[in-house]
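# With the sequence up front, the predicted model follows.
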Amino acid sequence: MSKHHDTTQQQQQQKKLSRPHRRRCLLTVVALLILVLVLSIIALVLALTVFKPKQPRTQIQSVKVDGFAHRLSFPTIDFQLNITLDLQILVENRNHASFKHGTGKSFLLYQGNQVGDADIYPGLILARGSTTLPCRLTLQVDKLAEDLTRLIRDVLGGKLVMETRTQIPGRVNFLGIFNKHIQATSECRFTIGFPDMKVQNQECKNKAKL
């Protein structure tokens, strides 16, 4: 009887001791779950705000006619034209992370047809920073067989409307861990006046493919 009584007391004491232990374990588990939930919410908010990739803003900062030569002779029409454009392309990185871009490409278009192209050197734009990329484009008259008559008319009329399409591929790196590939594209339309050879106006549109 005494042994049975002692065993019962030991079991009761073990139960009393195990209750606080179980309570502490339960509180620890709940605290960990709350911590994980809070961290998940913070990560989600950051992913939707600070770490959400934003398209770099690309536009032509300035256009300068660097070289120009033309000749039109009769009675046999012989038209020669050489126009070299120096473009300063402004790229703004709106991300809270650096934007590392590879070799870009800029195309010169007349009446929707490509008449010249040039490479843009790779580089790095810091978070929330910007840089100016030089680009030199030369009009290739040999690609204007179908639009040559219209080109002559535009030049003699004093206005030449042209377009540039610039593509800059790269990636945004967050915290040195997460990479997001982006291709920034800008399309600009501008008018060159004759004979002053100045850019009269320009309009640019920007877009990016994530």
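Now that the structure is in, tell me what you want to look at. Numbering: from 1, shown residues only.
# got the contact list for the nearest residue to Arg57 once chain neighbours are set aside?
In space, and not counting its chain neighbours, Arg57 is closest to Glu92: 4.2 Å by CB to CB, 6 or more residues apart in numbering. Where C-beta positions appear, they are placed from N, C-alpha and C, glycine not excepted. Neighbour list for Glu92: Pro56, Arg57, Thr58, Gly129, Ser130 [criterion: CB atoms under 8 Å, 6 or more residues apart in numbering].
# Repeat that for Ser106.
Leu87, Ile89, Asp117, Ala118, Asp119, Ile120, Cys135, Leu137, Thr164, Arg165, Thr166, Gln167.
# Can I get the buried part of these as one ChimeraX selection?
A single ChimeraX command selects the buried members of these (16 or more other CB atoms under 10 Å):
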select :87,89,117,118,120,135,137,164,166,167
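# State the phi and psi torsions of the residue nearest to Arg57.
phi -110, psi 120 (degrees, to the nearest 10).
# what's the most distant pair in the contacts of Glu92?
Largest separation among those by CB to CB: Thr58 and Gly129, giving 13.9 Å.
# higher neighbour count, the two?
Thr58 (24 against 14; other CB atoms under 10 Å).
# Is it correct that the more buried one is in contact with Leu87?
No - assessed by CB atoms under 8 Å, Thr58 is found out of contact with Leu87, at 11.4 Å.
# Please save the CA atoms from the strand or helix carrying Thr164 in CSV.
According to DSSP states H and E, Thr164 maps onto strand 159-174. Extracted in CSV, the C-alpha atoms of strand 159-174 (Å, rounded to 0.1, in the frame of the first residue of the first chain):
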residue,chain,number,x,y,z
LYS,A,159,12.7,69.1,-92.5
LEU,A,160,13.8,65.6,-92.0
VAL,A,161,11.9,63.4,-89.6
MET,A,162,13.8,60.4,-88.2
GLU,A,163,13.5,57.9,-85.4
THR,A,164,15.8,56.0,-83.1
ARG,A,165,15.1,52.8,-81.3
THR,A,166,17.4,51.9,-78.4
GLN,A,167,17.6,48.5,-76.6
ILE,A,168,19.7,48.0,-73.5
PRO,A,169,19.6,44.6,-71.9
GLY,A,170,20.7,44.1,-68.3
ARG,A,171,19.8,42.8,-64.8
VAL,A,172,19.0,44.3,-61.4
ASN,A,173,20.7,42.7,-58.4
PHE,A,174,19.0,42.9,-55.0
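# helices or strands next to it in the packing?
strand 57-73, strand 78-92, strand 98-101, strand 104-110, strand 130-138, helix 148-157, strand 178-193 (3 or more CB pairs under 8 Å, 6 or more residues apart in numbering; DSSP states H and E).
# got the angle between it and strand 130-138?
140 degrees (axes from the mean of the first three to the mean of the last three CA atoms, to 10 degrees).
# what angle sits between strand 159-174 and strand 178-193?
Using the same axes, to 10 degrees: strand 159-174 against strand 178-193 is 170 degrees.
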